[in-house]
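> Sequence plus the predicted model coming up.
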Amino acid sequence: MFYTYVIYSISRDRYYVGSTSNLQERLLKHNTNHKGFTGNTNDWKIVYSEEFAAKEGALAREKQIKSWKSRKMIEKLFC
(Lines give C-alpha, C1' and ligand atoms only; values in the text may rest on other atoms or scores of the structure.)
Protein backbone atom coordinates (compact mmCIF):
# COMPACT_ATOMS: atom_id res chain seq x y z
CA MET A 1 0.00 0.00 0.00
CA PHE A 2 0.99 3.59 -0.57
CA TYR A 3 -0.13 6.70 1.24
CA THR A 4 -0.55 10.39 0.69
CA TYR A 5 -0.38 12.22 4.00
CA VAL A 6 -0.55 15.63 5.63
CA ILE A 7 1.45 16.31 8.78
CA TYR A 8 1.26 19.37 11.03
CA SER A 9 3.76 21.02 13.37
CA ILE A 10 2.34 23.04 16.25
CA SER A 11 5.62 24.92 16.85
CA ARG A 12 5.88 25.99 13.19
CA ASP A 13 2.11 26.19 12.59
CA ARG A 14 2.72 24.63 9.17
CA TYR A 15 1.52 21.68 7.13
CA TYR A 16 3.59 19.32 5.00
CA VAL A 17 2.18 17.08 2.26
CA GLY A 18 3.97 13.93 1.16
CA SER A 19 3.61 10.32 0.05
CA THR A 20 5.23 7.07 1.19
CA SER A 21 4.88 3.31 1.37
CA ASN A 22 5.45 3.24 5.16
CA LEU A 23 3.58 5.97 7.00
CA GLN A 24 4.93 5.37 10.52
CA GLU A 25 8.55 5.08 9.37
CA ARG A 26 8.21 8.28 7.35
CA LEU A 27 6.79 10.17 10.33
CA LEU A 28 9.78 9.08 12.41
CA LYS A 29 12.08 10.45 9.69
CA HIS A 30 10.25 13.79 9.70
CA ASN A 31 10.72 14.04 13.46
CA THR A 32 14.49 13.57 13.38
CA ASN A 33 17.04 16.35 13.09
CA HIS A 34 17.88 16.43 9.37
CA LYS A 35 18.24 18.93 6.56
CA GLY A 36 15.05 19.89 4.86
CA PHE A 37 11.71 21.52 5.54
CA THR A 38 10.66 19.24 8.41
CA GLY A 39 14.07 18.74 10.01
CA ASN A 40 14.15 21.67 12.41
CA THR A 41 11.29 20.50 14.63
CA ASN A 42 10.25 17.17 16.09
CA ASP A 43 6.55 17.72 16.79
CA TRP A 44 5.06 16.63 13.45
CA LYS A 45 1.77 14.74 13.74
CA ILE A 46 -0.25 13.01 11.03
CA VAL A 47 -3.52 14.89 10.57
CA TYR A 48 -4.70 13.22 7.35
CA SER A 49 -3.84 10.24 5.17
CA GLU A 50 -5.24 8.41 2.15
CA GLU A 51 -4.38 4.87 1.10
CA PHE A 52 -3.65 3.81 -2.49
CA ALA A 53 -2.95 0.45 -4.09
CA ALA A 54 -0.30 1.90 -6.43
CA LYS A 55 2.50 4.41 -5.96
CA GLU A 56 1.29 6.42 -8.95
CA GLY A 57 -2.06 7.11 -7.25
CA ALA A 58 -0.40 8.38 -4.08
CA LEU A 59 2.00 10.61 -6.04
CA ALA A 60 -0.82 12.03 -8.17
CA ARG A 61 -2.87 12.87 -5.07
CA GLU A 62 0.17 14.47 -3.39
CA LYS A 63 0.73 16.61 -6.47
CA GLN A 64 -2.95 17.61 -6.54
CA ILE A 65 -2.99 18.68 -2.89
CA LYS A 66 0.28 20.61 -3.26
CA SER A 67 -1.12 22.42 -6.31
CA TRP A 68 -3.86 23.95 -4.18
CA LYS A 69 -1.31 26.15 -2.37
CA SER A 70 -4.04 26.95 0.13
CA ARG A 71 -4.06 26.20 3.82
CA LYS A 72 -7.86 26.43 3.88
CA MET A 73 -8.22 23.81 1.13
CA ILE A 74 -5.83 21.45 2.92
CA GLU A 75 -7.71 21.91 6.20
CA LYS A 76 -11.00 21.04 4.46
CA LEU A 77 -9.62 17.52 3.99
CA PHE A 78 -9.82 16.79 7.71
CA CYS A 79 -11.87 19.52 9.39
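The structure has been received and is ready for your questions. A quick note: this is a predicted structure, and the numbers were derived from the prediction, not measured.

> residue ranges of the strands in this protein, please?
Secondary structure of the chain (DSSP state E): strands at 2-9, 14-20, 44-52.

> list the helices and strands the longest one packs on?
Judged by 3 or more C-beta pairs under 8 Å, 6 or more residues apart in numbering; DSSP states H and E, strand 44-52 is in contact with strand 2-9, helix 23-30, helix 55-68. Yep, even glycine has a C-beta here, placed from its N, CA and C like the rest.

> Equivalent analysis for the first one, please.
Packed against strand 2-9, as judged by 3+ C-beta pairs under 8 Å, 6+ apart, are the following elements: strand 14-20, helix 23-30, strand 44-52, helix 55-68.

> Would you indicate which residues of the first one are buried?
What it means is strand 14-20. Within strand 14-20, the residues scored as buried using 16 or more other C-beta atoms under 10 Å are 15-20.

> go on, the longest one?
With burial defined by 16+ other C-beta under 10 Å, the residues of helix 55-68 counted as buried are 58, 61-62, 65.

> do the same with stretch 69-79
74, 77.

> pLDDT (mean, whole number) over that stretch?
Averaged across stretch 69-79, pLDDT comes to 94.

> With stretch 25-32 instead?
Per-residue scores along stretch 25-32 average to 95.

> now stretch 7-20
Stretch 7-20 comes out with an average pLDDT of 97.

> sorry, back to before: just flag the most distant two among the buried residues of helix 55-68.
Taking C-beta to C-beta as the measure, the buried residues of helix 55-68 span a maximum distance of 10.8 Å, between Ala58 and Ile65.

> Give me the common contacts of these two.
In terms of C-beta atoms under 8 Å, 6 or more residues apart in numbering, Ala58 and Ile65 are both contacted by the residues Thr4.

> just to revisit the earlier point, export the strands of the chain as JSON lines, with columns for distance to Thr32.
Formatted as JSON lines, those follow (distance: least, C-beta to C-beta, whole Å):
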{"stretch": "strand 2-9", "distance to Thr32": "13"}
{"stretch": "strand 14-20", "distance to Thr32": "14"}
{"stretch": "strand 44-52", "distance to Thr32": "10"}
